[in-house]
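S.K.: Could you look at this predicted model? Sequence included:
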Amino acid sequence: MGFWHEQLAGPTDPARDAGWGTDRQPRKGFFTDTSICIGCKACEVACKEWNTLPMDGDLSILGMSYDNTGDLGATTWRHVAFVEQTADRIADARRSGAALVDLGMPSARPPDEAAVAEVPDLRWLMASDVCKHCTHAGCLDVCPTGALFRSEFGTVVVQADVCNGCGYCVPACPFGVIERREPLPDKRSAERVGVAQKCTLCYDRLDADLTPACAKACPTTSIQFGDHDEMRRRAHERVEVLHAQGLTEARVYGGNEHDGVGGTGSVFLLVDEPEVYGLPPDPIVATARLPEMFRAAGFAATGLLAAAAFAFLGRRR
Ligand code: SF4
Ligand code: SF4
Ligand code: SF4
């Protein structure tokens with residue numbers, strides 16, 4: 001695949017493409033294994049503490065689940081979702097996961113005959129979501145000021161002091177992660193109001209060879225941090241283990257470099273379909289469609305030129 005095409009879609013090394021030379025580091029990322037998350041929210045709190053993010057709301061539960069932060073946003077760079085499921089939904093998740101194996105999902109195999117796990121009456125899905133640090137990041141592609149940049153670790157970082165608050169990055173993110181900070185109602189914090197905010201994958205900590213605060217705080221190793229290749233390998237291995245136990249609902253999210261964003265730096269193990277967690281099933285960055293858009297525009301321009309030439313020549317006759 002050509003260099004220019006790699007800038008738009010598919011597998012690539014994003015730090016190299018961004019021009020990092022001798023300072024370039026192995027690409028870093030997360031593997032978030034939702035099957036062992038206990039919903040303690042230590043990751044959310046650690047992120048807020050390290051990045052001095054104000055609390056959201058007044059801590060009351062939202063009414064739709066045992067959650068009080070709701071979603072990722074300018075003041076919540078890690079968000080732990082709570083999803084309650086009954087036996088019917090769990091059985092559906094198990095069937096849809098098994099169907100992915102039949103469709104040839106990489107690094108997953110059907111469970112042994114003997115490994116049929118019992119379907120519980122009820123379960124909680126707990127999943128800690130974060131910026132995906134996409135290989136092809138829509139937010140970064142549209143930023144006119146350079147406030148968003150690709151770090152030497154292959155991560156996507158936003159600089160509050162460079163952002164002019166135009167908000168172009170907000171609709172450009174296919175995951176709805178980045179957000180401009182609105183003034184808080186009780187003026188709890190006036191910091192960084194009006195500028196785009198999201199997880200930096202703890203760029204300051206990586207620079208000091210430290211583990212990101214959220215991964216450090218997680219008591220169950222649901223959030224693992226390390227070299228991106230290693231994170232993807234662990235995710236696929238873990239899916240294999242769960243499938244061998246009959247838990248066919250397990251699947252990898254973000255680990256496919258041929259998806260619409262070239263794969264994500266944050267890889268997840270989910271135990272139901274992505275939509276259940278509020279994640280898009282088939283995210284796509286706008287630049288992935290640029291070659292076909294330019295091709296269509298080229299055809300249209302050629303047609304217009306030809307029509308103008310015919311009209312001109314016809315008038316002269
Ligand atoms: S998830 Fe959204 S905010 Fe994060 S890097 Fe990708 S496009 Fe940017
Ligand atoms: S990597 Fe750092 S900034 Fe990102 S969610 Fe974790 S603690 Fe927050
Ligand atoms: S700290 Fe770990 S176990 Fe606790 S909510 Fe976050 S990801 Fe889940």
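M.R.: Okay, I see it. Ligands and ions are numbered 1, 2, ... in the order given.
S.K.: Please compute how far stretch 30-45 lies from its chain's middle.
M.R.: Relative to its chain's centre, stretch 30-45 lies at 15 Å (CA atoms, centre = their mean, to the nearest Å).
S.K.: what number of residues lie near residue 301?
M.R.: A count of nearby residues for residue 301, using other CB atoms under 10 Å, gives 10. C-betas here are computed from N, CA, C, even on glycine.
S.K.: same check, this time on the one 5 residues further on
M.R.: The number of residues packed around residue 306, counting by other CB under 10 Å, is 10.
S.K.: Double-check that it belongs to a helix.
M.R.: Yes. Checked against DSSP: H, G, I helix; E, B strand; the rest coil, residue 306 lies within a helix.
S.K.: give me every residue that touches residue 257.
M.R.: Going by CB atoms under 8 Å, 6 or more residues apart in numbering, residue 257 touches 10, 11, 135, 263.
S.K.: could these be laid out in TSV, adding distance to ligand 3 and secondary structure?
M.R.: As requested, these are exported to TSV (distance: CB to the nearest ligand atom, whole Å; DSSP: H, G, I helix; E, B strand; the rest coil):
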residue	distance to ligand 3	secondary structure
10	30	coil
11	28	coil
135	23	coil
263	21	coil
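S.K.: Give me the buried entries from those.
M.R.: Those of these that meet the buried threshold are 10, 135, 263, by 16 or more other CB atoms under 10 Å.
S.K.: tell me the secondary structure for the residue minimising distance to the centre of the chain?
M.R.: Central residue of the chain (CA atoms, centre = their mean): residue 132, 2.5 Å from the mean position. Counting by three-state DSSP, the backbone at residue 132 sits in coil.
S.K.: Could you find the closest non-adjacent residue to it?
M.R.: Nearest non-adjacent residue to residue 132, counting by CB to CB, 6 or more residues apart in numbering: residue 264, 3.8 Å away.
S.K.: backbone phi and psi for the one you found, please?
M.R.: When read as degrees, to the nearest 10, the backbone of residue 264 gives phi -110, psi 150.
S.K.: List the contacts of it.
M.R.: Contacts of residue 264 (CB under 8 Å, 6+ apart): 29, 132, 133, 134, 135, 254, 255.
S.K.: re the thing from before, residue contacts, the residue nearest to the centre of the chain?
M.R.: Residue 132 touches 175, 177, 254, 261, 264, 265, 266, 283, counting by CB under 8 Å, 6+ apart.
S.K.: Quick one: name the residues of the stretch 1-150 of the chain near ligand 2.
M.R.: 46, 47, 50, 51, 77, 78, 130 (CB under 6 Å from any ligand atom).
S.K.: Mark which of those residues are part of strands, please.
M.R.: 78, 130 (DSSP state E).
S.K.: Now do the helices in the stretch 201-317 of the chain.
M.R.: 203-207, 213-217, 228-244, 290-316 (DSSP state H, counting those that start in this stretch).
S.K.: To residue 71, which of those helices lies closest?
M.R.: Among the helices of the stretch 201-317 of the chain, helix 213-217 comes nearest to residue 71, with 16.4 Å by CB to CB.
S.K.: do the closest one and ligand 2 meet?
M.R.: Yes. Helix 213-217 is in contact with ligand 2 by CB under 6 Å from any ligand atom, via 213, 214.
S.K.: now for that helix, which elements pack on it?
M.R.: Applying 3 or more CB pairs under 8 Å, 6 or more residues apart in numbering; DSSP states H and E, we find helix 213-217 packed against helix 42-50, strand 223-227.
S.K.: Break down the chain into its strands, ranges please.
M.R.: So, for the chain - with DSSP E - the strands run 28-33, 78-86, 122-130, 148-150, 156-158, 179-180, 196-197, 223-227, 251-253, 266-270.
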